[in-house]
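1. how does the following fold in three dimensions:
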Amino acid sequence: MKRVVSISIAVIIMAALVVGYYFFLSKNGPTQKKPEAKVTEYSKIVAKNLDKDYPKTPRKVVMTYNQIISEYYRTSHKDAEIEKMADQARKLFDADLLKQNPTSSYYANVKADIQDYAKRKAKILQTKVVGSGNVEYSTYQGYEVAFVESYYFCKEGSDIVRTYQKFCLRKDKTGKWKILTWELVDGDPELFD
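-> Down below sits the predicted model:
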């Protein structure tokens with residue numbers, strides 16, 4: 001009888017060791033999931049399918065554009081990466097703006113701006129777009145247009161600068177709001193609170 005009890009205890013201990021080892025391997029072994037790669041702002045920008053998932057409002061178009069230009073100056077990018085981001089920005093532009101900025105010229109201008117920012121040790125720290133209630137809508141020459149203000153909180157060397165831009169967007173034939181032009185303006189900080 002003692003022998004049966006001893007064998008039973010030994011079998012239970014062995015079974016517990018096998019089960020414990022199995023759980024140890026399942027959590028720590030080669031089948032463990034690898035940590036996911038860090039998703040960067042750059043990868044988010046180039047992964048956006050703007051052909052299928054285009055921003056629905058003029059405000060969202062400007063926010064998407066701001067995301068792109070902020071990344072231009074945030075960190076160092078290879079020329080091919082800059083061009084991929086510039087291609088995304090161009091998808092937000094009106095046909096007339098695209099005509100004025102052929103692809104190769106636009107690439108060169110963006111790269112020159114990035115170099116200028118780097119020389120001045122400038123970065124866009126934050127961007128903000130006016131609330132939906134402050135977007136102005138109008139009709140011009142038979143087109144629906146919208147005016148959206150945005151501010152840029154920038155650091156240049158040790159100076160902090162806030163600039164304001166007013167974007168004019170025009171609705172195209174497919175119903176998408178496209179950036180037609182923009183200009184520096186004297187902004188009203190209260191529109192952004």
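2. any idea how far residue 52 is from residue 87?
-> 15 Å (C-beta to C-beta, to the nearest Å). For glycine as for every other residue, the C-beta is placed from the backbone atoms N, C-alpha and C.
3. looking at the two, which one has more neighbours?
-> More neighbours surround residue 87 than the other of residue 87 and residue 52, with 15 against 6 (other C-beta atoms under 10 Å).
4. residue 136: how many residues sit nearby?
-> Residues lying near residue 136 (other C-beta under 10 Å) number 13.
5. just the one 10 residues further on next, same as before
-> By other C-beta under 10 Å, 20 other residues sit near residue 146.
6. kindly report the same for residue 60.
-> A total of 15 residues lie near residue 60 under the criterion other C-beta under 10 Å.
7. check residue 191 too.
-> Using other C-beta under 10 Å, residue 191 has 15 other residues around it.
8. same question for residue 72.
-> Applying other C-beta under 10 Å, we find 21 residues neighbouring residue 72.
9. and for it, nearest residue in space, chain neighbours not counted?
-> Closest residue to residue 72 apart from its sequence neighbours, by C-beta to C-beta, 6 or more residues apart in numbering: residue 114 at 5.4 Å.
10. any idea which helix or strand comes after the helix or strand bottoming out on mean pLDDT in the chain?
-> Lowest on mean pLDDT, DSSP states H and E among the helices and strands of the chain sits helix 2-28, with a mean of 62. Going down the chain from helix 2-28, the next helix or strand is helix 41-47, by DSSP states H and E.
11. correct me if wrong, but residue 51 is in a helix.
-> No: with DSSP: H, G, I helix; E, B strand; the rest coil as the criterion, residue 51 is located in coil rather than a helix.
12. which other helices and strands contact the helix or strand hosting residue 88?
-> Using DSSP H and E, the element containing residue 88 is helix 79-90. Using 3 or more C-beta pairs under 8 Å, 6 or more residues apart in numbering; DSSP states H and E, the elements in contact with helix 79-90 are helix 41-47, helix 58-74, helix 103-119.
13. many thanks, have a good one.
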